[in-house]
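**Student:** Pasted the sequence and its predicted model underneath.
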Amino acid sequence: MKPKILFFSIPVLFVAVAAWFLMAPRGVLPTDTLSSKAVSADEARAEKWEAKVDEQENVTVRVTPSNLSPRSAEWKFDVSMSTHTVELDQDMTTSVVLIDDRGKEHTPTWIGAPAGGHHRGGTLIFKISVPAPKSITLRFSGIGGVIRNFSWQL
């Protein structure tokens, strides 16, 4: 009787182990799961803070919030400007203000390309007071001779 049990149980055991190896996820460790959750949160944040584009007077201005966390002391916006008709020679620290839902204007610091040329990019950084506003508008003045407003609900 024992040889029959052994004869049938070894192939069954072999098939079970092979099935387990084939069905088990490969390369998934707890740290991989955490990083995928972090990526998903970053993707969700990127979707929430959509890029805004304004194309007036032959100047394209694109603004993408990169940090609007209510817990952050500063908010950052990635800015790119492109034209082939005017010089982009504005001082970004005086040409742009952030207006919160209480009407308070915040002036930025600029980390990016210096004034001049037809293509500029950089980051506007604003110090934010507490409590964080529920909505904001970035107002660009003097770029191509028009006022451009970019607004987000927080």
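**Tutor:** Sure thing, it's come through.
**Student:** alpha carbons only for contacts and neighbour counts from here, please
**Tutor:** Noted.
**Student:** three-state assignment of the spatially closest residue to residue 119 that is not a sequence neighbour?
**Tutor:** Residue nearest to residue 119 in three dimensions, not counting chain neighbours: residue 82, with 4.5 Å by CA to CA, 6 or more residues apart in numbering. At residue 82 the chain is in strand, as set by DSSP: H, G, I helix; E, B strand; the rest coil.
**Student:** show me what contacts residue 82?
**Tutor:** 59-61, 118-120 (CA atoms under 8 Å, 6 or more residues apart in numbering).
**Student:** Please apply the same query to residue 91.
**Tutor:** Counting by CA under 8 Å, 6+ apart, the residues that residue 91 touches are residue 115.
**Student:** now it: how far from residue 50?
**Tutor:** 25 Å (CA to CA, to the nearest Å).
**Student:** Repeat that for residue 111.
**Tutor:** 21 Å.
**Student:** that older thread, out of the contacts of residue 82, flag the one nearest to residue 142.
**Tutor:** residue 59 (11.1 Å; CA to CA).
**Student:** ok, what's across the strand from the closest one?
**Tutor:** residue 56, residue 83 (DSSP bridges).
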